[in-house]
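[1] Sequence first, predicted coordinates after that:
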There are 2 protein chains.
Amino acid sequence: MKKVYIYLLSCTLSVSALAQDKNITASQGKVKLEFTTDAQGHPQYSVSFNQQAIVKPSRLGIKLLNDTGFDEHLQVINTETINVDELWKPVWGEVSVIRNHYQQLTVHLKQQDAPGRLLDIIFRVFDDGVGFRYEFPKQPNLRYFTVTDELTQFALTGDHKTFWIPGDYDSNEYSYTTSKLSEVDAWVPYKAATDIAVRVVPDQYAVQTPLMMKTAGGLYINIHEAALVNYTSMQLHVDRASYTLSANLVPDAVGNKAYMAAPCKTPWRTIIVSDRAADILSSKLILNLNEPSKIQDPSYIKPMKFVGVWWEMQTGKSTWNYANSINDVDASGALKPSGKHGANTANVKHYIDFAAKNGIGGVLVEGWNRGWEEWFGNWTEHVFDFATPYPDFDVKELSSYAAQKGVKMIMHNETSGSATDYERQMDTAFRFMNKFGYPAVKTGYVGKIIPRGEHHDGQWMVEHYIRVAQKSADHQVMLDAHEPVRPTGLSRTYPNWMASEAGRGNEYNAFSNGNNPEHETIMPFTRLMGGPMDYTPGIFKLKGYAAGVPDRQVHTTLAKQLALYVTMYSPLQMAADLTENYEQHMDAFQFIKDVAVDWDDTKIIEAEPGDYVTIARKEKGAANWFIGSVTDENGRKAVIPLSFLDKGKKYIATIYADADNADWKINPEAYQIHTYLVNAGTKLNITLAKGGGAAISIKPATSNVKGLKMYK
Amino acid sequence: MKKVYIYLLSCTLSVSALAQDKNITASQGKVKLEFTTDAQGHPQYSVSFNQQAIVKPSRLGIKLLNDTGFDEHLQVINTETINVDELWKPVWGEVSVIRNHYQQLTVHLKQQDAPGRLLDIIFRVFDDGVGFRYEFPKQPNLRYFTVTDELTQFALTGDHKTFWIPGDYDSNEYSYTTSKLSEVDAWVPYKAATDIAVRVVPDQYAVQTPLMMKTAGGLYINIHEAALVNYTSMQLHVDRASYTLSANLVPDAVGNKAYMAAPCKTPWRTIIVSDRAADILSSKLILNLNEPSKIQDPSYIKPMKFVGVWWEMQTGKSTWNYANSINDVDASGALKPSGKHGANTANVKHYIDFAAKNGIGGVLVEGWNRGWEEWFGNWTEHVFDFATPYPDFDVKELSSYAAQKGVKMIMHNETSGSATDYERQMDTAFRFMNKFGYPAVKTGYVGKIIPRGEHHDGQWMVEHYIRVAQKSADHQVMLDAHEPVRPTGLSRTYPNWMASEAGRGNEYNAFSNGNNPEHETIMPFTRLMGGPMDYTPGIFKLKGYAAGVPDRQVHTTLAKQLALYVTMYSPLQMAADLTENYEQHMDAFQFIKDVAVDWDDTKIIEAEPGDYVTIARKEKGAANWFIGSVTDENGRKAVIPLSFLDKGKKYIATIYADADNADWKINPEAYQIHTYLVNAGTKLNITLAKGGGAAISIKPATSNVKGLKMYK
């Protein structure tokens, strides 16, 4: 990333009268932040949008271990305000240039009682919301300390409609519940989610962030955090009576929340607000609150699409494991092949061939390395070897074969949650990737975490994921982390950390009851607010794919699967289905071949959480646009004005739409493809089936367009 | 190590009648083991010595997480007995050949209830005691399991006199309490031990092993464990009314004890017994129960003596840290030297010069690497960098200087308890040692363990120490671990793991109230039963050495410090005092120069725990003998027959004894040195002062002995 220019518009420093901690404000556009301290010296803030209260006066503060008083009797000793307006260019992203425009208010607080410790609270007020963080300056009486509680609250103004998953310490892979705040009960989905192997929800009323809400008055509010580094994740406890949300920090193995050394700072707490749902999706507030890229030479970071030896295991066609059992050994003690192992050389070559033929950049192979016979659920420290292939996976031969065909191999490192063991092997694992030319790795954390007692979303693991990102960067490898903590915009700082799972992916349609038709209309407002998701779209065989479970089906139409390549943003996008399923529908697969994975521009055409999302994106460095439109369980007509196209130019639009009789439940694979000439004045009217969607590619028309009709 | 020969004397396999689990026995010499099951199918054992009960019928068994019944309704399905008599040669040790002579009884048990799991209990009966372990055979219904409790008991026959320290999960660095079993109260020393920074003793009646006891009838009993691998440490809960000891396993961060995968086995539980205290010290039972060496080429493993930049920090003359504070930085942000940093190039050269001049093999340097300004007590994960020296420590120059002088540098890696961080840096740290020619490393674990919630003595750390030993071996580096779990004979398996601290070393005389005069008469019977201790003997300036604490003194005489080189066995022995203190007494230092650190033979001349120990050892590959004799707070006359000398040969004995008016309290540095001719018929009568000792070197007399008188 490269900072383009900065306007430092003003910088003021005001020392407030000590008994006068009232009415300290900052604002940007319609968003206003007010800071004060109450009679007990508790810091408080409130947020309004367009003069409407969004967050009523709410508590701020941090509690330390073996310490009293740092959370009260705080007094403002001075404040500073600066204004920033700058542009910066992400290495990859939804847009090529991002504006970072805010007013920053720094409130310097001091304990009135001994030892007179210092605490700063920094607010950045943007046009679309507020971020704030705690900073612990260098000071005589605070160096190493342990956070036991964060007192941050968000006192909301009403019983908002809320899209939520439980505040689970180990999993984000729940279906979303839509309810009023007063109806939140995390234990209902928690208890029902038997498809999530490791789940821990101690607080019945805790929800995960990003938390998406809609007020009765039609305002959209999103609460999350940015730049989660060297701290633990924040979840939100819901007080169902007062509609007040309180920070619920994920504890470590002994119940502490975070270990810190001043000078230091917490992640940013973010409140994004708008009267248009689309503005929530186009907000860059979270990315802006992250630090610039630490990667000096990002030339190896290249967004790409990939196929993989993966869905066949998810659906039971083949297996990750090589032998049926660890006990299936021959006379020499070597594992006997079951004959169902997916990651065998011939099969992988087949995927490489398919990728090469269709211009798909990469091939992911899971189950290539030793350890899969007994990998899950044993809370065992050493499970996998990350440099030893199974006997039927010829890594040297395959690397050379892929290189000849211009295809990149994507490494897979499943840790089974044993992060300590992965850290021991990481050097070896990354050297192995470098040796065999793997430019990317997909990591996995399926299982209870080791160090035992730690959680996927606690400080230790937060730091682990960043260590992996740094190690990947050291080895010039791109990272796609599965089952990590949900992202908080760190892809700005570590742009080689391309994508994460950290949410309920398409895979649940393979091994479980799947995702509701509305799922993909909520995800952009929740999970994706923090960063790209490796959702693994592109399933074409939507029924009858799961071995032994004939009635299982994906809860979308085929056209909706195509739309996801646009609506579920990721610079790494899988074409997840089996090649034989694609080969049945190569006309539809053309969209996957064409669609970009890196963008110069993005337009949120229309969006309503839980109902529909339509997004248009312009391919990076090209004049092509791609549109994705998805709906929930209800059919709808999407109206898509193409006013973002260059005026006066003609384009060819290929529309991959649901067939007239398509329906996610009874006829999901019915689609129609039509091609038209369009221009900036065109307004597309697309019918989406129940659980349906549409994908549209728009390319500049060359002279050779005879026979093509203008859309109308 | 090399196995010399094995006599497999007999092997019988008997299938016992199923309802007849009584009177299964094994014996060797005077030691007899009886196995039975009680009415509830609980396995039980008892041990007798010379037909006297040592352990009355006592419970055996293991409890598993989320499991009922595996600890009862067990039935003997068959038994096997074999007899073994073999000799093996340790890479280094107290003797050059060790006899391993035992009768082994394997009891195969099966749950009578479903799922009919299998458990084997293996007993090895030696001439001097019993070892037993649990083995979980490969079986259909037991693979991965979690141990929540071990039911092993030792039902003792009386209220024995016991030498004990508290059952602390994190420290073995207590002074010993001598009391009756019925008087054990671990919280008394626990609460008093404010000099031990990290201590956790949840059980008021738990004691550490090796536990040394003496019966009213004059039998000596020692209980410990052998081959602690992939399991957690056993401490012993004392039932003060019944004199029954029960295994108390150290828990992990979530309260579990051990994570196992069948086939697997626990460590051996050991009971050493004799009517002579000396036999306890000469027992090789624990070593014999360990696996043979895993090190193919032990040529780099070389016992040695060393001096070090260490006591000067312990006593306050210099510091580990380079700057007074992390905040003491110059304009460029670099740390400003305090001027008191011990590990500076000139000072280290001084130690190298001293070592070279006096034939001392190695120089340890602590405080050479960055991180010491804030290293202790913060429970911080990343504290030290193990490859970056302070600016005033020129590692390249010093390595080359030491090499020129024929002196080996000893690396120091203090982890502050952050084992996870050390594991991340270990590759780098050992490559650094190899690069700069360090053949040995002293590790340290001063602080609360990270992974947080784990303990120094729990399974995770047990495995960590072994990982470090293996990594050391991979890099051909010798290991001296400080603050690890107490040893269990693993030096047989990993002979590069030369020594450990894991006990209250001489250092407590520097920074605390020190060690009682009896301390070194108990240690051989307790801490040293598991393996060599880096006790750091050889303090010559016994008063007035501690900066700011003028009345602090070492609780021994100078002659006793010399004796410790023989009585406190270690293949790595420090000459711990400052060179200037040695230079005041070069005549006494001659013993340290002369004394060997590896032995062909060892004779325990006389010993009584808590009172005195006299040991003679024959230098490996030479005809020289060295004798050490120590007493407690009482003076005594040691009678030392030299009958172990070759008959008919003359030797020169140099006796480093307490001066007539020596006394640890009032006149500790008074010694006398006399030289005599001796032979196998000589009986030395040496007077030991209160808190005193004597050291004797005996070398074959050459012709040039005129003027020397025969001892009489």
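    Alright, I've got the coordinates. Residues are numbered from 1 along each chain as shown, chains lettered A, B, ... in the order given.

[2] tell me the pLDDT at residue A:3?
    The predicted structure scores residue A:3 at 41 on the pLDDT scale.

[3] and the longest strand belonging to chain A, what does it pack onto?
    Across chain A, the longest stretch assigned as strand under DSSP state E is strand A:74-89. Contact analysis of strand A:74-89 by 3 or more Cβ pairs under 8 Å, 6 or more residues apart in numbering or on different chains; DSSP states H and E lists strand A:2-14, strand A:24-28, strand A:31-37, strand A:98-111 as its packing neighbours. To be clear about C-beta, it is placed using only N, CA and C from the backbone, and glycine gets the same treatment.

[4] if I look at residue A:347, how far off is residue A:544?
    Residue A:347 is 21 Å from residue A:544, where distance means Cβ to Cβ, to the nearest Å.

[5] With residue A:196 instead?
    Shown here: residue A:196 relative to residue A:544, a distance of 25 Å by Cβ to Cβ.

[6] just residue A:393 next, same as before
    Here the criterion is Cβ to Cβ. By it, residue A:393 lies 29 Å from residue A:544.

[7] Who has more neighbours out of the two?
    Between residue A:393 and residue A:544, residue A:393 has the larger neighbour count (other Cβ atoms under 10 Å in any protein chain shown), namely 23 against 11.

[8] Nearest residue to that one in space, please, no chain neighbours.
    residue A:368 (4.6 Å; Cβ to Cβ, 6 or more residues apart in numbering or on different chains).

[9] neighbours of the one you found, just the number please.
    Residue A:368 has 26 nearby residues by other Cβ under 10 Å.

[10] In the stretch 201-350 of chain A, mark out all the helices, start to finish.
    The residue ranges that make up the helices of the stretch 201-350 of chain A, judged by DSSP state H, counting those that start in this stretch, are A:277-282, A:285-288, A:311-314, A:345-358.

[11] Name the SS class of residue A:522, please.
    Using DSSP: H, G, I helix; E, B strand; the rest coil as the criterion, the local structure at residue A:522 reads helix.

[12] quick one: contacts for it?
    With contacts defined as Cβ atoms under 8 Å, 6 or more residues apart in numbering or on different chains, the neighbours of residue A:522 are A:163, A:176, A:178, A:212, A:609-610.

[13] can you tell me which of the residues you listed lies nearest to chain B?
    Sorting the contacts of residue A:522 by how near they are to chain B, with Cβ to the nearest Cβ, puts residue A:176 at the top with 30.6 Å.

[14] My read is that that closest one contacts residue A:519, right?
    Yes: contact between residue A:176 and residue A:519 holds when scored by Cβ atoms under 8 Å: they sit 6.8 Å apart.

[15] Chain B contacts on chain A?
    Residues of chain A lying close to chain B (Cβ under 8 Å from any Cβ of the partner chain) are A:138, A:143-144, A:146, A:252-254, A:256, A:259, A:261, A:327, A:374, A:378-381, A:420, A:423-424, A:427, A:451-454, A:460, A:463, A:467.

[16] Show the pLDDT at the residue in chain A sticking out farthest from the centre.
    When each C-alpha in chain A is compared with the mean C-alpha position (Cα atoms, centre = their mean), residue A:331 comes out farthest, at 47.9 Å. Residue A:331 carries a pLDDT value of 96.

[17] quick one, strands of the stretch 401-550 of chain A?
    Taking DSSP state E, counting those that start in this stretch as the criterion, the stretch 401-550 of chain A carries its strands at A:408-414, A:440-444, A:478-481, A:497-500.

[18] The third one - contacts with which helices or strands?
    When contacts are defined as 3+ Cβ pairs under 8 Å, 6+ apart, strand A:478-481 sits against strand A:440-444, helix A:459-474, strand A:497-500.

[19] out of the ones you listed, deepest packed?
    Across the helices and strands packed on strand A:478-481, the average number of neighbours (mean count of other Cβ atoms under 10 Å in any protein chain shown) peaks for strand A:497-500, which reaches a mean of 27.

[20] contact partners of it?
    Where contact means Cβ under 8 Å, 6+ apart, the residues beyond strand A:497-500 that reach it are A:92, A:301, A:303, A:440, A:469, A:472, A:478-482, A:484, A:486-487, A:490-491, A:531-534, A:570-572.

[21] can you check stretch A:327-347 too?
    Stretch A:327-347 has contacts (Cβ under 8 Å, 6+ apart) with A:309, A:312-313, A:317-324, A:326, A:365-368, A:373, A:390-394, A:397-398, B:138.

[22] start to end distance for that stretch?
    In terms of Cα to Cα, to the nearest Å, the two terminal residues of stretch A:327-347 are separated by 25 Å.

[23] Look up which helix or strand the closest residue to residue A:656 other than its chain neighbours falls in, please.
    The shortest distance from residue A:656 to any residue other than its chain neighbours is 4.4 Å, reached at residue A:695 (Cβ to Cβ, 6+ apart). With elements delineated by DSSP states H and E, residue A:695 resides in strand A:693-700, which encompasses its position.

[24] Wait, residue A:675 touches residue A:656, no?
    No: look at residue A:675 against residue A:656 with Cβ under 8 Å: they stay out of range, at 10.2 Å.

[25] and those two? which has more neighbours close in?
    Each of residue A:675 and residue A:656 has its neighbours counted (other Cβ under 10 Å); residue A:656 has more, 27 against 15.

[26] What are the contacting residues of the one helix or strand the more buried one maps to?
    Using DSSP H and E, residue A:656 maps to strand A:651-658. Under the contact criterion Cβ under 8 Å, 6+ apart, strand A:651-658 has outside partners A:557, A:559-560, A:562, A:588, A:590-591, A:625, A:642, A:645, A:670-679, A:682, A:684, A:686-689, A:692-701, A:705, A:708, A:711.

[27] got the CA positions of that strand in CSV?
    Coordinates of each C-alpha in strand A:651-658 appear next as CSV, following Å, rounded to 0.1, in the frame of the first residue of the first chain:
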residue,chain,number,x,y,z
TYR,A,651,-20.6,-2.7,-23.7
ILE,A,652,-21.6,-6.3,-24.1
ALA,A,653,-23.5,-7.6,-21.0
THR,A,654,-23.7,-11.3,-20.4
ILE,A,655,-26.5,-12.0,-17.9
TYR,A,656,-26.4,-15.3,-16.0
ALA,A,657,-29.8,-15.4,-14.5
ASP,A,658,-32.1,-17.8,-12.9
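
[28] Next secondary structure element downstream of that strand?
    Remark: after strand A:651-658, the chain's next helix or strand is strand A:671-678, criterion DSSP H and E.

[29] Could you check how far the helix or strand that that following strand is followed by is from the centre of its chain?
    Of the helices and strands lying after strand A:671-678 in sequence (DSSP H and E), the nearest is strand A:683-688. Using Cα atoms, centre = their mean, to the nearest Å, the mean C-alpha position of strand A:683-688 is found 28 Å from that of the whole chain.

[30] neighbours around the nearest residue to residue A:312 once chain neighbours are set aside, how many?
    In space, and not counting its chain neighbours, residue A:312 is closest to residue A:318: 4.7 Å by Cβ to Cβ, 6+ apart. Residues within reach of residue A:318, counting by other Cβ under 10 Å, total 22.

[31] Then residue A:144?
    Residue A:144: 14 neighbours (other Cβ under 10 Å).

[32] swap in residue A:409?
    By other Cβ under 10 Å, the residues close to residue A:409 number 27.

[33] Identify the residues contacting it.
    Contacts for residue A:409 were tallied using Cβ under 8 Å, 6+ apart; they are A:362-363, A:365, A:398-399, A:402, A:436-438.

[34] got the end-to-end distance for stretch A:321-332?
    Its start and end residues considered, stretch A:321-332 measures 19 Å (Cα to Cα).

[35] got it, and stretch A:64-74?
    Counting by Cα to Cα, you get 15 Å between the two ends of stretch A:64-74.

[36] list the buried ones in that stretch?
    By neighbour count on 16 or more other Cβ atoms under 10 Å in any protein chain shown, the buried set for stretch A:64-74 is A:64, A:69-72, A:74.
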